[in-house]
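*Asks:* predicted coordinates and the sequence they were generated for:
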Amino acid sequence: MILDPVGLSLALAWSGLVGIVWLAVVLAVLATTESQPRLVVVGVGVVVVGGLAVASGASDTLPSSSTLLAQLGMAALGIAGGGPVATLVLAAATRGIGAPEGSHGGILVGDEPGREVLRGGTTIGFLERTIVVAAVLIGRWELLAALIAIKGLGRFRDLDAGAATERFIIGTLVSLLWAGACAGLIALA
């Protein structure tokens, strides 16, 4: 048996990159569960590098044994990473002066004392990003339109407060763009 050092080096390099994708997934999950959104920065780097690899054609050299693991990792990153990325963007957009958080995961708005809106955002975010990733991968763009319509109608009552409206729009757009970018990398690679 003859060893091909170049082939072995490439296989090890690609295996390392697939490992980094999965590390980013773990960090994205921890970013959500531990309320440490900065942990998702590794995931942002993975998406940027993945985009550059797809644009340059380097992703075409990914060995078939690693392709499925990389694709599953990118799908998981698209689903798990959107919440922390949205949190970072919201913090930047509001310069850290956002609406106070309620005890049920929503935000408190001033029109009624103790009124908490936009509860369940983390769960809804995971579900919406799952739908986005699936819709992009199967090429069913109408699912995205239905998702946006359902989400808007479901949150309509909560959107009468200015802070809630801004948070809803920014969070939804960032979440959808993140999941779409990760799924797009899978589809284009």
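*Replies:* Everything's here; your move.

*Asks:* centre-most residue in this structure?
*Replies:* residue 82 (2.5 Å; Cα atoms, centre = their mean).

*Asks:* can you pull out the helices in the protein?
*Replies:* Taking DSSP state H, the helices of the chain run over residues 5-33, 41-56, 64-80, 82-93, 121-138, 142-154, 162-188.

*Asks:* with mean pLDDT added, can I get those in TSV?
*Replies:* Shown next, in TSV, are the helices of the chain (pLDDT from 0 to 100):
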stretch	mean pLDDT
helix 5-33	83
helix 41-56	89
helix 64-80	88
helix 82-93	88
helix 121-138	91
helix 142-154	85
helix 162-188	86
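
*Asks:* let me see the contact set for the closest residue in space to residue 80 that isn't next to it in sequence.
*Replies:* Nearest residue to residue 80 in three dimensions, chain neighbours excluded: residue 28, at 4.1 Å (Cβ to Cβ, 6 or more residues apart in numbering). (C-beta placed from N, C-alpha, C; glycine too.) Neighbouring residues of residue 28 by Cβ atoms under 8 Å, 6 or more residues apart in numbering: 39-40, 43, 77, 80-81, 84.

*Asks:* show me which pair in those is furthest apart.
*Replies:* 39 and 77 (12.3 Å; Cβ to Cβ).

*Asks:* these two: which has the busier surroundings?
*Replies:* residue 77 (32 against 20; other Cβ atoms under 10 Å).
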